[in-house]
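Engineer: Here you go, sequence then predicted model.
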Amino acid sequence: MKICVFGAGAIGGYMGAKLAQAGAEVSLVARGPHLAAMKARGLRLIEEETGTDETVPVRVAEDAAELGEQDYVIVTLKAHSVPPVVGKMQPLIGEGTTIVSGVNGVPWWYFHKIGGPLEGTRLASVDPGDAQWTGFGPDRVLGCVVYPAAEVIEPGVVRHIEGNRFSLGEPDGSKSERATRLSQALAAAGLKAPVRPKLRDEIWVKLWGNLSFNPISALTHATLDVLCTDPGTRGVARAMMLEAQVIAEKLGVKFPIDVDRRIEGGAAVGAHRTSMLQDLDLGRPMEIDALVGSVQELGRITGTPTPAIDTVLALVSLRARVAGLY
Ligand SMILES: NC(=O)C1=CN([C@@H]2O[C@H](COP(=O)(O)OP(=O)(O)OC[C@H]3O[C@@H](n4cnc5c(N)ncnc54)[C@H](OP(=O)(O)O)[C@@H]3O)[C@@H](O)[C@H]2O)C=CC1
Ligand SMILES: CC(C)(CO)C(=O)C(=O)O
């Protein structure tokens with residue numbers, strides 16, 4: 001079973017190293033100094049939870065054409081990096097290739113096989129010009145919610161902080177063979193990969209946090225523990241989440257917890273600087289469209305007012321534009 005992890009930075013590097021350690025036939029697509037370091041020395045994975053530090057030999061490439069057709073292509077790029085590389089990914093894709101979308105935010109395939117009047121709706125915020133919808137085809141897609149926290153601390157070195165769950169789910173909720181096979185391969189690599197019948201519910205619980213905590217942290221430079229407990233910013237996060245809840249419930253989602261519990265969960269993570277704050281500090285493009293703009297777009301689609309989301313989106317977009325990152 002051939003697996004390619006496309007965009008093997010923090011998350012893809014973690015997953016790729018675990019699969020390689022377990023003897024899977026896995027290759028990683030990366031670029032720049034990170035690619036050069038992995039080619040020269042292998043991928044060093046430091047796992048804080050277990051205290052392990054191991055350098056894993058990995059097959060890496062910049063050009064997908066070197067790798068040929070795959071059974072699974074796991075996309076772990078930042079959301080905005082995917083549409084421009086759909087063309088470059090084509091050599092990896094054959095008749096039976098499954099594309100796993102391991103990207104935060106509202107996935108571009110959200111309305112595929114959802115049923116009802118919105119079936120097939122495309123999302124301009126995450127898939128401008130329908131690049132993924134037409135270039136991958138939604139029938140190839142297996143959804144994934146990424147829970148681990150990891151970072152590339154220097155080229156060729158990934159630090160895994162916590163978490164090992166990659167929930168998988170078919171757009172139609174079925175327990176397909178392709179989902180089961182990938183789940184087994186990930187489990188053999190020591191990762192949790194349950195196949196969920198209602199992945200969209202899980203997408204929204206994760207998205208609640210990214211939608212609100214990430215832009216608020218980028219605007220205030222506060223860590224999660226602070227922004228989730230400060231009465232002012234907690235109120236802003238809460239208002240954004242409640243708007244998102246109305247949208248999601250109109251789309252059939254059932255939340256297993258309430259917003260206050262989700263905010264408490266964020267606070268419990270501790271003095272974490274969200275990925276959006278890290279991107280701002282490091283001068284990297286920010287995932288604003290996938291995490292915030294997409295929910296605003298869903299608000300428009302479902303006829304739901306989103307005043308708090310609109311306000312925070314306007315502020316964080318301008319913050320990013322002023323920094324040249326959006
Ligand atoms: N990191 C985390 O803890 C978590 C991340 N996520 C989500 O997972 C997804 C991936 O995030 P993360 O792993 O942090 O991101 P990273 O930026 O660490 O990884 C993406 C990698 O893809 C590379 N890349 C970008 N474009 C190309 C290209 N055209 N060809 C080859 N390589 C390319 C990047 O290189 P370069 O650096 O040169 O741009 C980078 O190494 C995001 O949606 C994120 O929100 C979800 C949960 C937690
Ligand atoms: C903050 C957190 C843990 C949830 O919003 C996250 O996923 C991120 O940093 O992007």
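Structural biologist: All right, it came through fine. Numbering: from 1, shown residues only. Ligands and ions are numbered 1, 2, ... in the order given.
Engineer: Quick one: end-to-end distance for stretch 93-102.
Structural biologist: 17 Å (C-alpha to C-alpha, to the nearest Å).
Engineer: Please point out which parts of that stretch sit buried.
Structural biologist: Residues of stretch 93-102 classed as buried by neighbour count (16 or more other C-beta atoms under 10 Å): 93, 97-102. Using the backbone N, CA and C atoms, a C-beta is placed for each residue, glycine as well.
Engineer: So residue 284 is in contact with residue 326, correct?
Structural biologist: No: judged on C-beta atoms under 8 Å, residue 284 makes no contact with residue 326 at a distance of 10.8 Å.
Engineer: More neighbours: which of the two?
Structural biologist: Set side by side, residue 284 and residue 326 show more neighbours around residue 326, with 17 against 13, by other C-beta atoms under 10 Å.
Engineer: Is the closest residue to the more buried one other than its chain neighbours within a helix or a strand, and which one?
Structural biologist: Leaving out its chain neighbours, the residue that sits closest to residue 326 by C-beta to C-beta, 6 or more residues apart in numbering is residue 320, at 3.4 Å. Assigned by DSSP states H and E, residue 320 belongs to helix 307-322.
Engineer: how far out from the middle of the chain is that helix?
Structural biologist: Taking C-alpha atoms, centre = their mean, to the nearest Å, one finds the center of helix 307-322 at 21 Å from the center of the full chain.
Engineer: try stretch 174-185
Structural biologist: Using C-alpha atoms, centre = their mean, the offset of stretch 174-185 from its chain centre is 19 Å.
Engineer: So which residues make contact with that stretch?
Structural biologist: For stretch 174-185, the external contacting residues (C-beta atoms under 8 Å, 6 or more residues apart in numbering) are 1, 3, 19, 24, 72, 98, 100, 142, 168-170, 193-195, 197.
Engineer: which among the residues you listed gets closest to ligand 1?
Structural biologist: Distance to ligand 1, by C-beta to the nearest ligand atom, is smallest for residue 100 among these, at 11.9 Å.
Engineer: For residue 109, see how far away that closest one is.
Structural biologist: Using C-beta to C-beta, to the nearest Å, we find residue 100 at a distance of 11 Å from residue 109.
Engineer: Touching both of these two, which residues are there?
Structural biologist: By C-beta under 8 Å, 6+ apart, the residues touching both residue 100 and residue 109 are 141, 143.
Engineer: tell me which element residue 214 falls in.
Structural biologist: Assigned by DSSP H and E, residue 214 belongs to helix 199-220.
Engineer: ok, how many other residues are close to the residue in the chain positioned nearest to ligand 1?
Structural biologist: Nearest residue of the chain to ligand 1, counting by C-beta to the nearest ligand atom: residue 9, 1.9 Å away. For residue 9, the neighbour count with other C-beta under 10 Å is 20.
Engineer: pLDDT score for it?
Structural biologist: We have a pLDDT of 96 for residue 9.
Engineer: can you pull the contacts of it?
Structural biologist: 30, 34, 76-77, 152, 158 are the contacts of residue 9 under C-beta under 8 Å, 6+ apart.
Engineer: Show me which pair in the residues you listed is furthest apart.
Structural biologist: 77 and 158 (15.2 Å; C-beta to C-beta).
Engineer: Neighbour count for these two, which is higher?
Structural biologist: For residue 77 versus residue 158, neighbours defined as other C-beta under 10 Å are more numerous around residue 158 (27 against 21).
Engineer: helix, strand or coil for that one?
Structural biologist: Under the three-state scheme (DSSP: H, G, I helix; E, B strand; the rest coil), residue 158 adopts strand.
Engineer: What is the burial count for the spatially closest residue to it that is not a sequence neighbour?
Structural biologist: Leaving aside its chain neighbours, residue 158 sits nearest to residue 13 (3.9 Å; criterion: C-beta to C-beta, 6+ apart). Taking other C-beta under 10 Å as the neighbour definition, residue 13 ends up with a count of 30.
Engineer: So what does residue 153 have for phi and psi?
Structural biologist: Backbone dihedrals for residue 153, given as degrees, to the nearest 10, come out at phi -90, psi -20.
Engineer: Which pLDDT value goes with it?
Structural biologist: 95.
Engineer: State the distance from the closest residue to it other than its chain neighbours to residue 77.
Structural biologist: Leaving aside its sequence neighbours, residue 153 sits nearest to residue 159 (C-beta to C-beta, 6+ apart; 4.8 Å). According to C-beta to C-beta, residue 159 stands 19 Å off from residue 77.
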